[in-house]
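Asker: need the 3D shape of this:
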Amino acid sequence: MIRKEIVVCTCDGVTRVALLEDGVPVEIYIEPVTEFCMVGSIFKGKVDNVLPGIEAAFVDVGMGRNAFLYVNDVLPPPGVNGRRAGIRELLRPGQEIVVQVAKDPLGSKGPRVTMRVNLPGRYTVLMPTVNHVGVSRRIEDEAERECFKRVVNEARPPGMGVIVRTAAQGAPEEALKEDVANLVRLWREIQARAQKAAAPSLLYQECALLPRVIRDLFTEEVERLVVSNRADHARVMNEVVQFDKKLISRVFLDERDDLMDRYGVTQEIEKALQRRIWLKCGGYLIFDQAEALTVIDVNTGKYTGRTDLEDTVYKTNLDAAVEIARQLRLRNLGGIIIIDFIDMSHESHRAKVLEVFAEEIKKDRRRTHILGLTRLGLVELTRKKVHPSLAETLLTVCPTCHGLGKVAADPAVRMQHA
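Answerer: Next up is the predicted model:
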């Protein structure tokens, strides 16, 4: 059983949250107190232009940069159900639509939006535009899954979908029904605002980091939630008392100045911003984050082993599989990821390393697909990208080298190769 803790520290106008598993930081969230959280927010937007060449449209949501809307994220109008329609059949310039932000702006790109709205609650997620009922894959007991499906089927309005979240485990049926009813009420209010509002305008704003953490992370699996100041402590207690009074005894106030240092969070952030990460065995990992993908290279480093080369490589790769899965969460890396494990001769070793990696990935709440080994022995995977990575949040491109990270070589050497 993994021991989970959450540490929350708000100072200098920034909220920092760390999730720890067995005392080790595995997820870090950083957000200025005054920052507007775009992901999850809902807008009434106006279609600015439709581009059939990329099957997408750009939507003015009033945030400076137009939002990107791909054809698969457009709700088909009546009459085109059951067949694939082009973007020009679905949207026209000037059309007013309701969209939800699915991905933060990244670099020069605006936010990505969808017309398929999701409204998360404590125990469920309401999908007003999708007629579907599902249960979190982390709830494995089949009888419990069937029970949840029956409860939300009774609670949901016709035509709307509901996903039961992991936090629902152990919750009474009435709590689930009330959660669905609250979300349906919220959706009706958003629809009413959309009827009256002019485009572009904000219809619903996703809550700030602290209430999101309480809603999404503070479950029965968490032993302690530690906050650094009395204002946050009062806010947390007020939220918790509304949905699960049993969790009140797990909320602690710790006003020491160096709270994040004491839990090792500051040190882990510093390491996660480095290119090289050392493994316990003496090997190391190299992370290279490009615009299109992230590449992770595994090296034996100082580890020379005791038996033979195959054994040294195998143990290094096993250590790497565990640490890479943690670093993906810690660094909040998303998109395409390629891992270059050290070549192994034995098929059983390759299978075991992949098995360990897949087990570690199961701890990640973010949707991740391991696609297997390529012909060159590289492991391919994708991890859903919603927010900027830790490095994209905390670092900016060097104004001198513009991201190159290198300086000119010795002039004499350069002349020889000119």
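
Asker: can you tell me how far the nearest residue to residue 55 once chain neighbours are set aside sits from residue 225?
Answerer: Nearest residue to residue 55 in three dimensions, chain neighbours excluded: residue 71, at 4.2 Å (Cβ to Cβ, 6 or more residues apart in numbering). All C-beta spots, glycine's among them, are computed from the backbone N, C-alpha and C. Per Cβ to Cβ, to the nearest Å, residue 71 is found 42 Å from residue 225.

Asker: next one: residue 115
Answerer: Distance from residue 115 to residue 225, by Cβ to Cβ: 35 Å.

Asker: comparing those two, which residue is more hemmed in?
Answerer: Taking neighbours as other Cβ atoms under 10 Å, residue 115 and residue 225 compare with residue 225 leading, 22 against 18.

Asker: could you pull out the strands for the stretch 251-400 of the chain?
Answerer: Under the criterion DSSP state E, counting those that start in this stretch, the stretch 251-400 of the chain contains strands at 251-253, 276-278, 284-289, 293-299, 335-340, 368-373, 379-383.

Asker: tell me which residues in the longest one are buried?
Answerer: For strand 293-299, the neighbour count (16 or more other Cβ atoms under 10 Å) marks 294, 296, 297, 298, 299 as buried.

Asker: now, which of the residues you listed sits nearest residue 210?
Answerer: Distance to residue 210 across those (Cβ to Cβ) is lowest for residue 294, with 29.0 Å.

Asker: which residues touch that closest one?
Answerer: By Cβ atoms under 8 Å, 6 or more residues apart in numbering, residue 294 lies in contact with 287, 288, 333, 335, 336, 337, 338.

Asker: for the fifth one, give the beta-bridge partners.
Answerer: Using DSSP bridges, the bridge partners assigned to residue 336 are residue 293, residue 382.

Asker: quick check: it touching residue 380?
Answerer: Yes. Proximity of residue 336 to residue 380 meets the contact threshold set by Cβ atoms under 8 Å, at 7.4 Å.

Asker: tell me where the stretch 201-350 of the chain has helices.
Answerer: Using DSSP state H, counting those that start in this stretch, the helices of the stretch 201-350 of the chain run over residues 209-216, 230-243, 259-262, 265-272, 309-331, 347-361.

Asker: figure out which of these is closest to residue 125.
Answerer: Nearest of those to residue 125, taken as Cβ to Cβ: helix 209-216 at 10.4 Å.

Asker: hmm, who's touching that closest one?
Answerer: So helix 209-216 is in contact with 6, 8, 10, 15, 17, 29, 31, 37, 120-122, 167, 206-207, 225, 232, 235-236, 239-240, going by Cβ under 8 Å, 6+ apart.

Asker: so which of these belong to strands?
Answerer: Taking DSSP state E, the ones among the contacts of helix 209-216 that sit in strands are 6, 8, 10, 15, 17, 29, 31, 120, 225.

Asker: distance check, the fifth one against residue 116.
Answerer: Which is residue 17. Residue 17 sits 28 Å away from residue 116, taking Cβ to Cβ as the criterion.

Asker: who has more neighbours out of those two?
Answerer: A direct count of neighbours by other Cβ under 10 Å for residue 17 and residue 116 places residue 17 higher, at 23 against 17.

Asker: measure residue 358 to residue 99 for me?
Answerer: Separation of residue 358 from residue 99 (Cβ to Cβ) stands at 35 Å.

Asker: which one's more surrounded, these two?
Answerer: Counted by other Cβ under 10 Å, residue 358 and residue 99 do not tie: residue 99 has more neighbours, with 27 against 14.

Asker: in the helix or strand encompassing that one, what's buried?
Answerer: Using DSSP states H and E, residue 99 maps to strand 96-103. Going by neighbour count (16+ other Cβ under 10 Å), the buried part of strand 96-103 is 97, 98, 99, 100, 101, 102, 103.

Asker: cool, stretch 227-237 as well?
Answerer: For stretch 227-237, the neighbour count (16+ other Cβ under 10 Å) marks 227, 228, 229, 232, 233, 235, 236 as buried.

Asker: quick check, the fifth one in contact with residue 226.
Answerer: No. At 9.5 Å, residue 233 does not count as touching residue 226 under the criterion of Cβ under 8 Å.

Asker: give me the common contacts of those two.
Answerer: Contacts common to residue 233 and residue 226, judged by Cβ under 8 Å, 6+ apart, are residue 253.

Asker: would you mind measuring from residue 95 to residue 364?
Answerer: Distance of residue 95 to residue 364, given as Cβ to Cβ: 38 Å.

Asker: typo on my end, it should be residue 146
Answerer: From residue 146 to residue 364 the distance is 26 Å (Cβ to Cβ).

Asker: and those two? Which one has more around it.
Answerer: Taking other Cβ under 10 Å, residue 146 and residue 364 do not tie; residue 364 has more neighbours (16 against 11).
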